[in-house]
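Asker: Here you go, sequence then predicted model.
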Amino acid sequence: MNVFYAVSRLFRDSEETKDNTTDDALRSRYYQASVQDVLDALSVIAVENVPGEIVSQDLERGEVMIHLQEGSKIFDMTVTVIPLERGVAAVDIVSNVRNRKGDLTRNRKWIHEVLKCLDHRFERIEKPS
């Protein structure tokens with residue numbers, strides 16, 4: 001992460017993962033796992049690895065909403081788990097700081113922390129074609 005990125009975060013209050021980024025911490029993830037296994041892992045990660053709690057879970061859509069609090073900063077994170085081919089799940093995350101303008105790279109930090117925990121639990125694979 002460079003200084004320009006950190007300065008640009010002064011005025012933005014959200015961050016998201018995507019396929020076409022140069023920042024590996026914010027790259028969409030693909031796992032050799034079922035959607036249900038990833039959703040179950042997210043329930044544990046939200047409580048044990050980040051200062052958060054699950055506020056909503058839509059299993060049909062594969063979405064989990066996590067509420068995080070870091071001091072006076074409040075973050076809303078939506079994690080979407082998409083089934084691809086058999087036994088492969090894609091994960092994308094959008095995180096927003098709710099009560100401030102500018103996140104000073106904190107959204108990136110929390111996205112990276114959740115993905116790092118998923119990387120330890122599941123086999124990360126390249127994007128299927």
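Answerer: Sure thing, it's come through. Numbering: from 1, shown residues only.

Asker: Which residue lies closest in space to residue 90, excluding its sequence neighbours?
Answerer: residue 82 (4.4 Å; C-beta to C-beta, 6 or more residues apart in numbering). Every residue, glycine included, has its C-beta placed from N, CA and C.

Asker: Test my guess that that neighbour contacts residue 89.
Answerer: Yes. Applying C-beta atoms under 8 Å, one finds residue 82 in contact with residue 89, separated by 6.7 Å.

Asker: what do the two both touch?
Answerer: residue 35 (C-beta atoms under 8 Å, 6 or more residues apart in numbering).

Asker: Give me the more crowded residue out of those two.
Answerer: It is residue 89, of residue 82 and residue 89, that has more neighbours when counted by other C-beta atoms under 10 Å, with 23 against 16.

Asker: Check which helix or strand that one maps to.
Answerer: strand 88-97 (DSSP states H and E).

Asker: How far does that strand sit from its chain's centre?
Answerer: 4 Å (C-alpha atoms, centre = their mean, to the nearest Å).

Asker: Pairing partners for it, with directions?
Answerer: Here strand 88-97 is paired, per DSSP bridges, with strand 14-16 (antiparallel), strand 29-32 (antiparallel), strand 73-83 (antiparallel).

Asker: need the ones you listed in JSON lines with distance to residue 61 and mean pLDDT, can you?
Answerer: JSON lines is the format used below for these (distance: least, C-beta to C-beta, whole Å; pLDDT from 0 to 100):
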{"stretch": "strand 14-16", "distance to residue 61": "17", "mean pLDDT": "93"}
{"stretch": "strand 29-32", "distance to residue 61": "18", "mean pLDDT": "98"}
{"stretch": "strand 73-83", "distance to residue 61": "8", "mean pLDDT": "96"}
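
Asker: Rebuild these as TSV, extending it with distance to residue 57.
Answerer: Formatted as TSV, the strands paired with strand 88-97 follow (distance: least, C-beta to C-beta, whole Å):
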stretch	distance to residue 57
strand 14-16	20
strand 29-32	18
strand 73-83	10
